[in-house]
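In: Next come a sequence and a model predicted from it.
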Amino acid sequence: MKTKNKYIYPVKITDVVRISYDESPAHVGNLKSSVDFICKEETKIRAAADGIVVDLKSDSNAGGQNKELEPFGNFIELQHDNEEYSEYEHLKKDGILVKLGDQVRKGQIIGYSGSTGWLAHLGPHLHFMVGKYGESDNDYEAMEVVWDIQ
């Protein structure tokens, strides 16, 4: 299923940023449509669409190749039109520039990339996905993102 909304890349694409759809072992099952932006730490992260901050975590400094580190990833979650939710993961400790309930605009800098949580073999990167929730918060399915290339 594809997103109804169009999203911009959350990271500015340069000669040192690369996009990966299938290198991460986490991109399976309900997360198979996730996207990784391989970038150095402290890269500016932009809101991919207008939305509201509905969840975040920014207090962790733990990250690495071990899957058990997955709960330690810092993240921002935004709610958008059409009941779509975007997630920005592996953010820098204290690298989030928004707070719960904030309205954000497409392109607004919302945080900085880091290397928290389970990074697998990819090193620092931004894990990005857009999806919908089902019956519960645990019932989330990433969707194929329709990009608004700018």
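Out: Nice, I can see it. Residues are numbered from 1 along each chain as shown.
In: show me what contacts the residue nearest the centre of the chain?
Out: For the chain, the residue whose C-alpha lies nearest the mean C-alpha position (Cα atoms, centre = their mean) is Tyr88; its distance is 2.0 Å. Tyr88 is in contact with 10, 45, 75-78, 110-111, 126-128, counting by Cβ atoms under 8 Å, 6 or more residues apart in numbering. Just so you know, the C-beta spots here come from the backbone N, C-alpha and C atoms, and that holds for glycine as well.
In: partners of the residue lying closest to it once chain neighbours are set aside in the sheet?
Out: Spatial nearest neighbour of Tyr88, chain neighbours left out: Ile76 (4.7 Å); criterion: Cβ to Cβ, 6 or more residues apart in numbering. Using DSSP bridges, the beta-bridge partners of Ile76 come out as Leu56, Tyr88.
In: so Ile76 touches Val53, yeah?
Out: Yes - with contact defined as Cβ atoms under 8 Å, Ile76 counts as touching Val53 (6.5 Å).
In: so where is this structure shaky, pLDDT-wise?
Out: 150 (pLDDT under 70).
In: all strands for it, in order.
Out: 2-7, 18-20, 35-38, 44-46, 51-57, 63-64, 74-79, 85-96, 103-104, 109-113, 117-118, 125-133, 140-142, 144-147 (DSSP state E).
In: Return the member of the contacts of Tyr88 nearest to Asp148.
Out: Pro10 (11.9 Å; Cβ to Cβ).
In: mind giving me CSV with the contacts of Tyr88 and columns for neighbour count and distance to Phe37?
Out: Output for the contacts of Tyr88, formatted as CSV (neighbours: other Cβ atoms under 10 Å; distance: Cβ to Cβ, whole Å):
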residue, neighbour count, distance to Phe37
Pro10, 23, 7
Ile45, 28, 9
Phe75, 19, 14
Ile76, 28, 14
Glu77, 19, 17
Leu78, 25, 16
Ile110, 25, 14
Gly111, 25, 13
Leu126, 23, 4
His127, 26, 8
Phe128, 23, 6
